[in-house]
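Chemist: starting from these lines, generate the structure:
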Amino acid sequence: MKKLLVITVYIFLFIASTGCSHNAELPVEANEPEMENTVNPFQSNDEDIGIMGSISHGPSILNVDENNHRVPWVYDGKEIYIEYRVKASGKAKNMGFFIFVDGIPQPYKVDDTKAPYEYMHTFELKEDDVDLPFTFIFSPVTGKQGETLDLTITSIYNPRFMPDMNETSSYGGYHGLLPAFYQLSFEADGKAPDDQSREVKGTINLSKEPVTNKFMEILNNNNFMQDIDMDVFNSQIFSLIYYDGSSIMDHYKINDDGTLHVTYKLCGHGGLEYTTTFYINHQPISIGEGTSIDTTIEKGSVSVIELDINLDNLEDFNTFYAISAPKNARDFPDGIFEAEKTQSILLYKKGE
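Modeler: The predicted structure is shown next:
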């Protein structure tokens, strides 16, 4: 019998109309994967349900106006400093952070303005439920003077974990996201840092296909949290991903060279705009001169992104996933349109 294991995560939601802060408890549930002769990182020995830990994060200082309403951070041409804090408990004390500006991955520094830009920084908290303060520092990679764009700050749980195909072959419930949503106002044009480097490259093709009964059947088979019908599309988005035409849950053996063909499908509320980024070992894959692909979801259609990844520069063991970050979720206040992440899988080159 499978055990249901739960990580409880928290996030401070700042309500603009009152300026108050609240804790919102967001349970993330993961069925224990069936793994022959492996150790599941989420195994609980004594109970069918266990609370593994909790995470919360948010700004150390609320960015509000004289009426105590939340206001955007401002970019004036100089690096932005966002004072932030995170706390966690239990097995949740290892985490990383991503930043997205208008859905585009944003490299940043932590605390030291002279440090190099990185797309993800990791943190190892020593004590339970004790705030760790730090500062995000960055110059936005996109944005024009006069614009106000969405700014997403999301944690990723235990990013350092990678199966070794010896003791473990699955990520279990690790690498889940906990996003927080803000805004960034531009008094100057954004500019990309000079020291971005992305070794893994890929090419893409974009298309649309209709939502069919077969597609809905597959979507329901891949989602154990709820029954999905066309009405659910009005409040959520969903994704499917295939590797060389196959649905892979945990790990996939790849060649030393050549390409891997990835098919990523995104559907949901018509009019939603998402920016999708594919990651190898928590670094964006280079696609042309950028890192991301914009898609606009159409009612009754599935947005399809086909990606061919050059395998030459991959390591023997690689974590792969996709993140689709919303660009215009604030235009749809009645829905729950958050960053969508595929399950992490292991791409490996050597024997099992």
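Chemist: the stretch 201-350 of the chain: helices as residue ranges?
Modeler: Counting by DSSP state H, counting those that start in this stretch, the stretch 201-350 of the chain has these helices, from start to end: 213-221.
Chemist: so where do the strands sit in it?
Modeler: Assigned by DSSP state E, counting those that start in this stretch, the stretch 201-350 of the chain shows strands spanning 201-210, 237-243, 251-253, 259-268, 273-280, 283-284, 286-287, 292-296, 301-310, 317-326, 340-341, 345-348.
Chemist: which one of these has the lowest average pLDDT?
Modeler: Lowest mean pLDDT within the strands of the stretch 201-350 of the chain: strand 286-287, at a mean of 88.
Chemist: start to end distance for stretch 248-268?
Modeler: 22 Å (Cα to Cα, to the nearest Å).
Chemist: I'd like the distance from that stretch to the chain centre, please.
Modeler: 17 Å (Cα atoms, centre = their mean, to the nearest Å).
Chemist: which intervals of this protein have sub-threshold pLDDT?
Modeler: 1-52, 193-198, 224-226, 351-352 (pLDDT under 70).
Chemist: grab the CA positions of stretch 290-297 and hand them over as PDB.
Modeler: Only the C-alpha atoms of stretch 290-297 are listed here, as PDB (Å, rounded to 0.1, in the frame of the first residue of the first chain):
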ATOM      1  CA  GLY A 290      17.700  33.700 -25.200                       C
ATOM      2  CA  THR A 291      16.500  31.200 -22.600                       C
ATOM      3  CA  SER A 292      12.700  31.200 -22.900                       C
ATOM      4  CA  ILE A 293       9.700  30.700 -25.200                       C
ATOM      5  CA  ASP A 294       6.500  32.800 -25.000                       C
ATOM      6  CA  THR A 295       3.100  31.100 -25.600                       C
ATOM      7  CA  THR A 296      -0.400  32.400 -25.500                       C
ATOM      8  CA  ILE A 297      -3.000  29.800 -24.500                       C
END
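Chemist: got the contact list for it?
Modeler: 103-105, 198, 204, 206, 237, 266-277, 284-285, 287, 303, 305, 324, 327 (Cβ atoms under 8 Å, 6 or more residues apart in numbering). Any C-beta I mention is one placed from the backbone N, CA and C, and that applies to glycine too.
Chemist: are any of these buried, and if so which?
Modeler: 103-105, 198, 204, 237, 266-269, 272-277, 284-285, 287, 303, 305, 324, 327 (16 or more other Cβ atoms under 10 Å).
Chemist: out of the strands of the stretch 201-350 of the chain, the one nearest Gly146 is which?
Modeler: Distance to Gly146, taken as Cβ to Cβ, is lowest for strand 273-280 among the strands of the stretch 201-350 of the chain, at 19.1 Å.
Chemist: so Lys109 makes contact with Ala115?
Modeler: Yes: the pair Lys109 / Ala115 is scored as a contact, 4.6 Å apart, by Cβ atoms under 8 Å.
Chemist: between the two, who's got more neighbours?
Modeler: Ranked by neighbour count (other Cβ atoms under 10 Å), Lys109 and Ala115 place Lys109 first, with 20 against 12.
Chemist: who's in contact with that one?
Modeler: Neighbour list for Lys109: 115-118, 136-138 [criterion: Cβ under 8 Å, 6+ apart].
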